[in-house]
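In: Predicted model and sequence follow; I will ask about them next.
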Amino acid sequence: QVQLVESGGGLVQPGGSLRLSCAASGRIFSIHAMGWYRRAPGEQRELVAAITSGGSTNYADSVKGRFTISRDNAKNTVYLQMNSLKPEDTAVYYCNADVTSGSYYYSRRDYWGQGTQVTVSS
């Protein structure tokens, strides 16, 4: 079993910055792609940013130039640096990881964190 634990959410004023972290733990053999999604009130969950194990990234158009995703493979951790935050960035942010896990028997599946609230308001 694998757990994803997020941290770093909170309340910030428009134009401010936050950094989200998500650490994976458990019987991890390898972590493939990792990403951040968000769900605003009354909206569907959407992809914010993703990063492959090799470091290739992609972003939602709405966050390009403002958000940066990165990962530390040695720590099984993915980060989301969010700058120039806008009220429309307010949402619950979820970490996602595509993980191969196990010991004698390996399986691969997606895992999700519990979510962290980001609120951008003056």
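Out: Sure thing, it's come through. Residues are numbered from 1 along each chain as shown.
In: Show me where this structure has its strands.
Out: For the chain, applying DSSP state E gives strands covering 2-7, 10-12, 18-26, 28-39, 46-51, 57-59, 67-72, 77-82, 91-102, 106-112, 116-120.
In: would you turn those into CSV with mean neighbour count and mean pLDDT?
Out: C-beta: built from backbone N, CA, C; applies to glycine. Formatted as CSV, the strands of the chain follow (neighbours: other Cβ atoms under 10 Å; pLDDT from 0 to 100):
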stretch, mean neighbour count, mean pLDDT
strand 2-7, 17, 96
strand 10-12, 14, 98
strand 18-26, 18, 97
strand 28-39, 19, 97
strand 46-51, 18, 98
strand 57-59, 15, 98
strand 67-72, 18, 98
strand 77-82, 22, 98
strand 91-102, 20, 96
strand 106-112, 12, 95
strand 116-120, 18, 98
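In: Tell me which residues touch the most centrally placed residue in the chain, please.
Out: Against the mean C-alpha coordinate of the chain, by Cα atoms, centre = their mean, the closest residue is Trp36 at 2.9 Å. By Cβ atoms under 8 Å, 6 or more residues apart in numbering, the residues touching Trp36 are 20, 22, 47-50, 69, 78, 80, 93-96.
In: same question, Asp89
Out: With contact set as Cβ under 8 Å, 6+ apart, Asp89 has these partners: 38, 63, 82, 118, 120.
In: do that again at 7 Å, thanks
Out: By Cβ atoms under 7 Å, 6 or more residues apart in numbering, the residues touching Asp89 are 82, 118, 120.
In: Who does Gly10 form a beta bridge with?
Out: Val118 (DSSP bridges).
In: Could you verify my assumption that it touches Leu18?
Out: Yes: counting by Cβ atoms under 7 Å, Gly10 does reach Leu18; the two are 6.4 Å apart.
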